[in-house]
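Novice: can you look at this prediction? I've put the sequence above it.
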Amino acid sequence: MLRVLLLTLSVVAIAHAELCKPDAQNAFKVRLSIKTALGDNAYAWDANEEYLFKAMMAFAMRRYSSKSMTQISNILLCNVTDRVSFWFVVTDSSENVTTVPGSEVEAAIRMNRNRINSAFLLSDKTLQFLKITPTLSPPVEPSTPVWLIVFGVVLCLILAGIVFLVVAGIRQRKKKNKESTERENLEEKCEVTITVENGIPCEALDLKAGHINGVFAADNERFTSL
Amino acid sequence: GFLIPYFIMLIAEGMPLLYLELAVGQRMRQGSIGAWKIISPYLCGVGVASVVVSFFLSMYYNVINAWAFWYLFHSFQDPLPWATCPLNSNRTGYDEECEKTSSTQYFWYRQTLNISPSLEASGSVQWEQALCLTLAWLVVYLCILRGTASTGKVVYVTASLPYCVLIIYLIRGLTLHGAVNGLIYMFTPKLEQLSNPKAWISAATQIFFSLGLGFGSLIAFASYNESSNNCERHAVIVSLINSTTSIFASIVTFSIYGFKATFNYESCLNKVILLLMNTFDLEEGSLTADNLSEMKDYLMATHPQEYAQLSPQLKNCSLEAELDTAVQGTGLAFIVYSEAIKNMEVPQLYSVLYFVMLLMLGIGSMLGNTAAILTPLTDSRAIATRFPKEVISGAVCFINCVIGLIFTMEAGNYWFDIFNDYAATLSLLLIVLVETIAVCYIYGIRRFEKDLYTMIGRKPNWYWKLMWAFASPLLIISLFIFYLTDYILTGTLQYQAWDATQGQLVTKDYPGHALAVIGLLVAASTMCIPLGALVTFIRKRLKRESVSTTA
């Protein structure tokens, strides 16, 4: 009786060892980077954490397929290293001899990745299932790009400034023209005497068009001060 | 290491030439074309050459402001768009090109410029860049609209704001981790670099550009000064303030550069550590930066085959190599700084500050350039009496904007580099050389001394006369010789093109039409000087003949 028991136990153990080994069929390698993620709050990886992992895997399998009856004892872990990396397989719930196909396990993990990550306080980068690439979430894109809004604001301000300055310049010029015509009208009525040189009022002369003679425009230093 | 040639060039070239130009402008009271005509009628070509160089410069320089606007508008997002790579089409990883290079380089080359693989593949105009360019020209138009009076007020803002931002960045930069590495790198003189003439050439060009010599803008601005303005004191003060600002800005730049280099070095180390830990399943924290080399030897001894498989991926991380990665030209301002900013806390604030400062500096330079073009136009009676100031400035801005659309095409950055490297450098040297020789030998240094005496009341001392008459012309001639020998030695001209498949820059030769454009750029401005002399000579000859025939 004892011998039969020992035989079955050893068979089971060998079977387990054959099912879960590195690069076995339907086996996945998991790598955790706890210290990177949590720093000082890092927990140690021990048998309890392994139990939690098995529980999460069983949960994922059950959630993925409603008729699955995966138990914690169906999840086999092996080759745990100091890095904290290990291999695991999910065996069939009815017979503990065959493994669940890798595609099903992968789909189950993908579906529940968030829950698995948060159970261990880790993220996609720090809890890696090496054959399963994570689906990255796209960044949030607003309907109008932000830069166009800022561009529009600045553009309106600049255009307003230009229009204001141009209009002010035109108005100033109109005022100047009006003043000079007013003065001519007044001059005709002989009410204001205006300096006239050769029949041309001095204000109408375009001083900018003339050349300044350097000899006569010399500084006051040339003349002895009083 | 750059400081020694920089200071020597400043004292030998910068200050004397600045004084010269300010004095000429103040004395002749006209823009560059009129001023040189007064000095000698054969020299009207010098003024025209200055205007042509300023015209080329204003064509391409505003594109930098357009890029600064682009980055500024994109700084209002969280996270910054150049901080992370975009995802590829099926969302399993990051975009391929972005993986090969860094996210900041990807943002610059792909999302800002959308650069084509070579100069020949022109591509289409990027509408986003065209919009930013139009905005930049509108801003410039707003500032120069009313002439120099309004420009003077705007410059108060554009000159003082960068100082505030630089101070903020100085405090932030010096407190960054790894900034000290950059500062040590900046201040250690590299004696072998001094023997390389390229360092001296770039120091001289840097002085010319930052002081604005040879563009005609100094003469234009000085012509608005009163005649008794003490331009000697102003020249010395301006050049000293300019250099102090340059040193201040380079301290900030190098501390940020050191931060970036240290950050990259540490990320490289972390990648190597992660790779080793994952391959050999070592415990986390057993590999650190300090024991990395010993652990590598240990692993090589204990697991030789796996280590040999891994060794092509193990990069040798070196801080020196990171500090030595020189980024060329405008890329420096955008790539290096955006990379450093994305790693700081509250990156949006620093990003906005930095690009506002860059805009202020760029717009300030543009104002000087456009003033150099507009002053001769408004001085000439033919144009000034027929059109008001606003229309002339508007026409200049519009023409430049339309031409500038070339630089917003996919190959636009290559054309930009052509203009940046060749439009101004050689022509400026020649213009400044002709200016010094003209004032010293054609106009006569004694006459110039007397003019200065009437203006300031003091004759220039022996230092200025020595610099003007001998040192500066000799230096410029030797720089010319260096340039030409360098060109002859390297043979054909080459440029850096972005290869999207490799994710880095590759060197290519310029095609024929690009070489023609380069030749045209250099010839257009330098030929003005002899052409001007020739035209004046012919005109005088014709006048003399007509006088003699009538008499």
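Specialist: Everything's here; your move.
Novice: ranges for the strands of chain A?
Specialist: With DSSP state E applied, chain A shows strands at A:28-32, A:75-78, A:85-90, A:127-129, A:196-197, A:200-201, listed in chain order.
Novice: most tightly packed of those strands?
Specialist: With neighbours taken as mean count of other C-beta atoms under 10 Å in any protein chain shown, the strands of chain A reach their highest mean count in strand A:85-90, at a mean of 22. Glycine gets a C-beta too; all of them are placed from N, C-alpha and C.
Novice: B:Gln77 against A:Val146, yeah?
Specialist: Yes. B:Gln77 is in contact with A:Val146 according to C-beta atoms under 8 Å; the separation is 5.4 Å.
Novice: any low-confidence regions in chain B?
Specialist: Within chain B, the stretches with pLDDT under 70 are B:1, B:91, B:147-148, B:325-329, B:491, B:550-551.
Novice: contacting residues for B:Val165?
Specialist: Each residue near B:Val165 by C-beta atoms under 8 Å, 6 or more residues apart in numbering or on different chains is listed here: B:353-354, B:356-357.
Novice: at 10 Å instead, please
Specialist: B:Val165 sits next to B:252, B:350, B:352-358, B:360-361 when contact means C-beta atoms under 10 Å, 6 or more residues apart in numbering or on different chains.
Novice: B:Met455: how many residues sit nearby?
Specialist: 20 (other C-beta atoms under 10 Å in any protein chain shown).
Novice: now it. Nearest residue, chain neighbours left out?
Specialist: B:Ser227 (5.8 Å; C-beta to C-beta, 6 or more residues apart in numbering or on different chains).
Novice: tell me which helix or strand in chain A has the weakest average pLDDT.
Specialist: strand A:196-197 (a mean of 58; mean pLDDT, DSSP states H and E).
Novice: which stretch in the strands of chain A has the least confidence?
Specialist: Here the lowest mean pLDDT among the strands of chain A goes to strand A:196-197, at a mean of 58.
Novice: what's the longest helix in chain B?
Specialist: What stands out as the longest helix in chain B, according to DSSP state H, is helix B:231-280.
Novice: so that helix versus strand A:28-32, what angle?
Specialist: 130 degrees (axes from the mean of the first three to the mean of the last three C-alpha atoms, to 10 degrees).
Novice: alpha carbons only: can I get the next helix or strand after helix B:231-280 in PDB?
Specialist: Next in sequence after helix B:231-280, counting helices and strands by DSSP states H and E, comes helix B:292-302. In PDB, the C-alpha atoms belonging to helix B:292-302 read as follows (Å, rounded to 0.1, in the frame of the first residue of the first chain):
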ATOM      1  CA  LEU B 292      29.500  46.900 -12.900                       C
ATOM      2  CA  SER B 293      33.000  46.300 -14.300                       C
ATOM      3  CA  GLU B 294      33.900  43.700 -11.700                       C
ATOM      4  CA  MET B 295      30.700  41.900 -12.200                       C
ATOM      5  CA  LYS B 296      31.100  41.900 -15.900                       C
ATOM      6  CA  ASP B 297      34.500  40.200 -15.600                       C
ATOM      7  CA  TYR B 298      33.100  37.700 -13.100                       C
ATOM      8  CA  LEU B 299      30.200  36.900 -15.500                       C
ATOM      9  CA  MET B 300      32.600  36.600 -18.400                       C
ATOM     10  CA  ALA B 301      34.600  34.100 -16.500                       C
ATOM     11  CA  THR B 302      31.800  32.000 -15.100                       C
END
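Novice: one step back: among the strands of chain A, which is nearest chain B?
Specialist: Set against chain B and scored by C-beta to the nearest C-beta, the strands of chain A come closest in strand A:85-90, at 5.7 Å.
Novice: elements contacting the closest one?
Specialist: Here strand A:85-90 touches helix A:2-19, strand A:28-32, helix A:47-64, strand A:75-78, helix A:102-111, going by 3 or more C-beta pairs under 10 Å, 6 or more residues apart in numbering or on different chains; DSSP states H and E.
Novice: what about the closest residue to A:Cys78 other than its chain neighbours, neighbour count?
Specialist: In this structure, A:Cys78 finds its nearest non-sequential neighbour in A:Cys20, 4.2 Å apart by C-beta to C-beta, 6+ apart. When neighbours are defined as other C-beta under 10 Å, A:Cys20 has 22 of them.
Novice: my guess is A:Cys20 contacts A:Leu76. True?
Specialist: Yes. Counting by C-beta atoms under 10 Å, A:Cys20 touches A:Leu76, with 4.1 Å between them.
Novice: what is in contact with these two at once?
Specialist: With C-beta under 10 Å, 6+ apart, A:Cys20 and A:Leu76 have common neighbours A:27, A:87-91, A:99.
Novice: which pair in those spans the largest distance?
Specialist: Spatial extent of the shared contacts of A:Cys20 and A:Leu76 (C-beta to C-beta) is set by the pair A:Trp87 and A:Thr91 at 13.4 Å.
Novice: so what sits against both of the two?
Specialist: Residues touching both A:Trp87 and A:Thr91 (C-beta under 10 Å, 6+ apart): A:20, A:76.
Novice: which parts of the stretch 401-550 of chain B are strands?
Specialist: In the stretch 401-550 of chain B, the strands defined using DSSP state E, counting those that start in this stretch lie at B:494-499, B:504-509.
Novice: in chain A, where is pLDDT below threshold?
Specialist: Scanning chain A for pLDDT under 70 picks out A:8-17, A:93-96, A:135-142, A:187, A:189-226.
Novice: repeat that for 90
Specialist: Along chain A, segments meeting pLDDT under 90 span A:1-47, A:49-50, A:54, A:56-150, A:165-166, A:168-170, A:172-174, A:176-226.
Novice: any idea which element B:Thr84 lies in?
Specialist: With DSSP H and E as criterion, B:Thr84 is part of no helix or strand.
Novice: check contacts around the closest residue to it other than its chain neighbours.
Specialist: Nearest residue to B:Thr84, sequence neighbours excluded (C-beta to C-beta, 6+ apart): B:Ser103, at 5.9 Å. For B:Ser103, the contacting residues are B:80-86, B:94-95, B:338-339, B:342, by C-beta under 10 Å, 6+ apart.
Novice: just checking, what packs against the longest helix along chain A?
Specialist: Under DSSP H, the helix in chain A containing the largest number of residues is helix A:146-188. Helices and strands touching helix A:146-188, by 3+ C-beta pairs under 10 Å, 6+ apart, are strand A:200-201, helix B:44-73, helix B:127-144, helix B:389-404.
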